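Asker: Build the 3D model from these lines:
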Amino acid sequence: MDYRGDAGEGLLYGTDHDDSKKVDNADKFFENVYRYFVAKGIGAIVLSELCSVVTLGFTISFSVFILAFVDWGFLMQCHDEESCSDSIIIHPFNEPPSMFRFFILLYFILCSSYWIYTCVASMNTISEALEMSTFYQDVLGIKLVELQHLEWFEVVDRIIYINKHGKQRLVEKEDLTAHDIVLRIMRKENYLVGLINKNKLDLFVPWWISPFTTEHLFLTKSLEWSLSFCIMDYMFTENLYLSSEFINDVAGLQWRFQVVGLIHFLLLPFMLIFMAVNFFLQNAQQFHSSKAYLGPRQWSPLAMWKFREFNELPHVFDDRINRSLAPANDYINSFHNPYAAILARCATYVTGSFIATLLLVSLLSDGALLYVHVAEYNLLWYLGVFSACYAGARSLIPDETKTQVSATLLLQQVCGHTHYFPVKWESLARSEEVKNEVCEMFQYKAQLFLMELLSVVLTPAVLCFSLPACADSVLTFIREHTKYVKGVGAVCDFSLFEFEQYGDENFGTEKSGILPPSERANDGKMEKSFMNFKKHHPNFEGGAAAQNMVNRIHAYKDNKRQEHRDQMLASIIEQTREDVYSPNAFAGAA
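Answerer: Residues are numbered from 1 along each chain as shown. Got it, this is the predicted structure:
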């Protein structure tokens with residue numbers, strides 16, 4: 001990708017800060033700089049893209065093979081060696097035409113078109129990565145070996161220095177900051193964080209479907225992509241101003257929601273097949289080897305966007321969320337049911353006995369599992385069933401070797417990483433109500449997959465009926481919370497950390513901003529975002545109000561630390577006094 005162009009602001013390639021050559025898209029440039037940093041070099045990007053193309057191609061080919069070339073009718077009638085003697089492979093081109101074969105052909109054409117698109121996109125990504133490799137080595141002076149151990153803020157510091165003092169002016173704004181760079185990278189994501197934080201998106205399933213599903217908020221990967229396409233891809237002009245056509249066209253946004261919903265509906269059967277095959281190939285071996293047939297627990301997409309903060313880059317967010325997984329699992333497991341555990345121990349003993357017996361039989365005769373039948377099923381089938389029952393029962397038995405930690409402390413650890421802590425959780429950490437709310441956000445991987453499959457059916461209804469109703473609210477939020485920053489463009493004002501306007505004294509600022517609470521980010525999102533940004537960009541200072549908040553929080557932590565030391569010292573003195581003046585002490589002395 002050529003970053004040089006005739007646009008007003010952007011990357012400049014010249015000497016002595018020659019301003020005659022500028023780039024078309026500085027946002028894209030900084031996104032590629034960041035992507036190269038996360039991948040840790042050109043080799044990893046090339047290999048990742050090639051593997052993605054190969055994996056997608058294999059998934060498409062394999063799914064077509066098992067649908068079109070496997071005789072499933074014959075396979076279902078295969079019960080013994082004699083009935084399974086024929087080949088299960090058929091040649092669909094020799095078979096008479098049918099609607100099913102036409103469907104498979106259409107599925108292959110659509111998936112192949114997507115694969116070709118992915119190939120072109122991968123080639124473009126590799127081309128951009130090659131340019132970034134040259135930029136890192138020749139401009140920033142960062143070799144591949146050095147990049148493996150650099151922090152992101154160190155790369156940013158070099159970019160800022162090159163922009164101000166080097167021969168190449170990277171952007172027109174001379175006093176470039178880490179905040180400016182991240183504002184460009186996170187320009188669109190910051191709006192989605194704000195929309196979800198302020199509850200402006202109607203993500204509920206329509207009322208005429210909700211009796212058969214859930215009434216909770218509904219967000220999956222496919223719906224997330226649809227939101228990004230319908231809203232974010234139309235927001236800005238080439239000069240990064242907010243598009244007046246977009247912001248004033250409620251009907252246009254409603255129309256895009258409905259068109260994308262219709263496309264989802266038309267692609268529904270093809271998406272179901274592809275997602276099911278892809279999930280099976282990705283996770284079947286992992287589930288079987290770990291005997292965790294529901295998979296590990298993960299945060300749902302909606303929970304992830306609730307936890308995401310303004311100006312939080314993906315690698316920072318992933319690290320923070322990954323550290324929350326262990327305490328979140330421990331918190332949920334602390335609510336074990338003693339009755340279920342007793343029954344589960346009994347079930348594991350019974351099923352384990354059958355498994356051990358069947359394995360012993362297989363050692364004595366390698367063909368017994370296949371050819372010995374009990375009630376029409378061979379022993380291998382029973383081995384699989386008993387293994388699944390055994391794994392399910394084991395999951396209900398608490399690990400008695402682990403140190404027991406209070407549910408309150410575990411929930412505090414979870415909230416410390418997720419930065420999400422509703423007020424009622426503080427006093428109800430040990431209640432089933434809070435535990436169920438956590439489980440609703442922290443679901444098994446199999447649950448999330450089933451919800452993703454369900455979303456293929458429900459997303460068209462959400463896009464065609466629910467989201468168009470909130471289009472005006474969405475555009476109003478974007479219009480009221482957009483601010484133009486010189487040298488950066490239009491951004492979500494919450495991401496600017498303007499505590500004089502939106503500060504909340506309940507979350508660390510000296511005083512609340514001049515705007516009413518209804519205009520501020522909910523749950524102290526802006527204050528938490530600033531502290532997180534400051535942690536990972538230590539050279540960034542912010543305004544006077546922001547620095548004052550940092551000083552207040554540090555002073556609060558120091559006071560708490562001193563109080564803890566004083567309590568420990570008082571406890572030691574008291575314990576020493578009891579030991580010295582106890583009757584046993586004098587008896588020992590006598």
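
Asker: how near is the nearest residue to Arg520 once chain neighbours are set aside to Ser112?
Answerer: Once flanking residues are discounted, Arg520 sits nearest to Tyr502: 4.8 Å by CB to CB, 6 or more residues apart in numbering. Any C-beta I mention is one placed from the backbone N, CA and C, and that applies to glycine too. Distance, Tyr502 to Ser112, using CB to CB, to the nearest Å: 49 Å.

Asker: With neighbour numbers in mind, choose between these two.
Answerer: Set side by side, Tyr502 and Ser112 show more neighbours around Tyr502, with 23 against 14, by other CB atoms under 10 Å.

Asker: Centre of the chain to the host helix or strand of Ser61, how far?
Answerer: Here Ser61, judged by DSSP states H and E, is contained in helix 42-68. Remark: helix 42-68 is offset 22 Å from the chain centroid, using CA atoms, centre = their mean, to the nearest Å.

Asker: Run through the neighbouring helices and strands of it.
Answerer: With contacts taken as 3 or more CB pairs under 8 Å, 6 or more residues apart in numbering; DSSP states H and E, helix 42-68 sits against helix 26-39, helix 99-134, helix 268-290.

Asker: And the contacts of the first one?
Answerer: If I follow you right, that is helix 26-39. Contact with helix 26-39 is made by 1, 3, 9-11, 23, 42, 45, 48, 128-129, 131-133, 135-136, 147, 150, 152, 155, 159, 171, 181, 184-185, 187, 240, 313-315, 489, as judged by CB atoms under 8 Å, 6 or more residues apart in numbering.

Asker: Just the buried ones from the residues you listed, in ChimeraX syntax?
Answerer: To isolate the buried members of the contacts of helix 26-39 in ChimeraX, using 16 or more other CB atoms under 10 Å:
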select :3,9,10,11,23,42,45,128,129,131,132,133,135,136,147,152,155,159,171,181,184,185,187,240,313,489
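
Asker: Show me the contacts of helix 26-39 that map onto helices.
Answerer: 42, 45, 48, 128-129, 131-133, 147, 152, 155, 159, 181, 184-185, 187, 314-315 (DSSP state H).

Asker: quick one: His536 from Ala407, how far?
Answerer: Counting by CB to CB, the gap from His536 to Ala407 is 30 Å.

Asker: My error: substitute Lys188 in the last question.
Answerer: For Lys188, the distance to Ala407 - CB to CB - is 38 Å.

Asker: and if you look at Ile45?
Answerer: Ile45 is 43 Å from Ala407, by CB to CB.

Asker: And for Glu426?
Answerer: For Glu426 relative to Ala407 (CB to CB), the value is 12 Å.

Asker: Go ahead and confirm Val462 touches Leu223.
Answerer: Yes: Val462 sits in contact with Leu223 when judged by CB atoms under 8 Å, with a separation of 6.4 Å.

Asker: Return every residue with contacts to both of the two.
Answerer: Leu203.

Asker: Any regions of the stretch 301-450 of the chain where pLDDT drops low?
Answerer: 401, 403 (pLDDT under 70).

Asker: in it, which spans are strands?
Answerer: 373-374, 377-378, 442-444 (DSSP state E, counting those that start in this stretch).

Asker: Just give the nearest non-adjacent residue to Ile160, would you?
Answerer: Leu176 (5.3 Å).

Asker: per-residue pLDDT, the one you found?
Answerer: Model confidence at Leu176, given as pLDDT, is 87.

Asker: Contact partners for Glu437?
Answerer: Counted by CB under 8 Å, 6+ apart, Glu437 has contacts 422, 425.

Asker: still on that earlier bit, what about the residue nearest to Ile160, how many neighbours?
Answerer: 21.

Asker: returning to what we had before: of the strands of the stretch 301-450 of the chain, which is nearest Ser324?
Answerer: The closest of the strands of the stretch 301-450 of the chain to Ser324 is strand 442-444. By CB to CB, the value is 8.9 Å.

Asker: what's next to the closest one, contact-wise?
Answerer: Contacts for strand 442-444 (CB under 8 Å, 6+ apart): 294-300, 303, 328, 332, 451.

Asker: out of those, which are inside helices?
Answerer: 303, 328, 332, 451.

Asker: which of the residues you listed tops the neighbour count?
Answerer: Ala328 (25 neighbours).

Asker: these two touch, right, that one and Cys415?
Answerer: No: the pair Ala328 / Cys415 is not scored as a contact, 9.9 Å apart, by CB under 8 Å.

Asker: re the thing from before, among the helices and strands packed on helix 42-68, show me which one is buried the most.
Answerer: helix 26-39 (a mean of 20; mean count of other CB atoms under 10 Å).
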